[in-house]
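S.K.: Can you look at this prediction? I've put the sequence above it.
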Amino acid sequence: MTTNVQIRVDTKLKNDAEKTLNRIGLDLPTAFRIFLNKINVSGGIPFAVNTDGYFNYTKEQEDEILDAYKNSKRSKEFKSAKELIKHLRSQ
């Protein structure tokens, strides 16, 4: 059994998403079904949704960000990628 889902979105948002999806061989309905399945598997939104303007990084991603900063010959030490990015945005 199937059902129809109707949503209203900005035309440009939809068109841009369709172009992106087409580049990876997907159409919008398929991408939406993947999204809904991922919600069910993960038990919620399958990506970080927050208000502080930062992404949630894996340990590996955080280490990579911090290493890249250290390798750029900068002298200040940061304990987290979030702290580093906050500093960089304040420059």
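M.R.: Yep, that arrived.
S.K.: Model confidence for the residue nearest in space to the middle of the chain, exactly?
M.R.: The geometric centre of the chain, computed from its C-alpha atoms, lies nearest to residue 47 (Cα atoms, centre = their mean), at 6.3 Å. Among the per-residue scores, residue 47 shows a pLDDT of 77.
S.K.: tell me the SS of it?
M.R.: Following DSSP: H, G, I helix; E, B strand; the rest coil, the label given to residue 47 is coil.
S.K.: Show me the domain layout of this protein.
M.R.: Here the chain is described, according to automatic domain parsing, as comprising the domains 1-47, 59-89.
S.K.: Low-confidence stretches in this protein?
M.R.: Applying pLDDT under 70 to the chain flags the ranges 50-56, 73, 75, 91.
S.K.: Now do the top helix by length along the chain: which elements does it pack against?
M.R.: Taking residue count as the measure and DSSP state H as the definition, the longest helix of the chain comes out as helix 28-42. Using 3 or more Cβ pairs under 8 Å, 6 or more residues apart in numbering; DSSP states H and E as the contact criterion, the secondary-structure elements in contact with helix 28-42 are helix 11-23. The C-beta positions use only the backbone N, C-alpha and C, and glycine is treated the same way.
S.K.: Okay, angle between the helix it packs on and helix 28-42 too, please.
M.R.: Angle between the axes of helix 11-23 and helix 28-42 is 80 degrees (criterion: axes from the mean of the first three to the mean of the last three Cα atoms, to 10 degrees).
S.K.: follow-up on the earlier one: give me whichever of the domains of the chain is most buried.
M.R.: The densest packing among the domains of the chain, expressed as mean neighbour count by mean count of other Cβ atoms under 10 Å, is seen in domain 59-89 with a mean of 13.
S.K.: centre of the chain versus that one, how much separation?
M.R.: In terms of Cα atoms, centre = their mean, to the nearest Å, the centre of domain 59-89 is set 19 Å apart from its chain centre.
S.K.: show me the contacts for residue 45.
M.R.: Taking Cβ atoms under 8 Å, 6 or more residues apart in numbering as the criterion, residue 45 is in contact with residue 39.
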